[in-house]
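Q: sequence first, then the predicted structure, then my questions.
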Amino acid sequence: MNKGDKLKSKKILILFFILFFCTGCAYVDIKAPFDIDLNQTDLGTKKGVSEAYCILWLFAWGDAGYAKAAENGNIRVMKHADQEIHQIFFGCYTHWKVIVYGD
């Protein structure tokens, strides 16, 4: 193997490492339901949202809890909930959102 081939092999190995181990590290945007039988879900007539944030892994504020979301939507009976997570660069900026539905 000559010097050029070794350098090319190292570059391929580094690229593989980055793609395999760092997937989702730069940007993450996930939306997920908290329900197992979505085809039978009744959402209700009201919607409530609660949010929390974190910046630089040092400063965090907000309340992304179910109770706060229900309170914000004036919901007495929760029927369904969704969660959204938005992260940038290993969680340097993180935004959590909980959305509840009910009556």
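A: Perfect, I can see it now.
Q: what sits against residue 91?
A: Applying Cβ atoms under 8 Å, 6 or more residues apart in numbering, one finds that residue 91 lies in contact with 54, 57. Heads up, the C-betas are built off the backbone N, CA and C, glycines and all.
Q: so it, which of the three states?
A: Under DSSP: H, G, I helix; E, B strand; the rest coil, residue 91 falls in the coil class.
Q: who's the one residue sitting closest to the centre of the chain bridged to?
A: Most central in the chain under Cα atoms, centre = their mean is residue 85, positioned 2.1 Å from the mean C-alpha point. Beta-bridge pairing for residue 85 (DSSP bridges): residue 30, residue 96.
Q: which of the three states applies to residue 68?
A: Under three-state DSSP, residue 68 comes out as helix.
Q: what's the closest non-adjacent residue to it?
A: Spatial nearest neighbour of residue 68, chain neighbours left out: residue 50 (3.9 Å); criterion: Cβ to Cβ, 6 or more residues apart in numbering.
Q: quick one: the strands in this protein?
A: In the chain, the strands defined using DSSP state E lie at 27-33, 46-55, 59-62, 78-88, 93-102.
Q: hmm, back to that, identify the bridge partners of the residue nearest to residue 68.
A: residue 98.
Q: shouldn't it be in contact with residue 69?
A: Yes: under the criterion of Cβ atoms under 8 Å, residue 50 makes contact with residue 69 at 3.9 Å.
Q: fine by me, thanks again.
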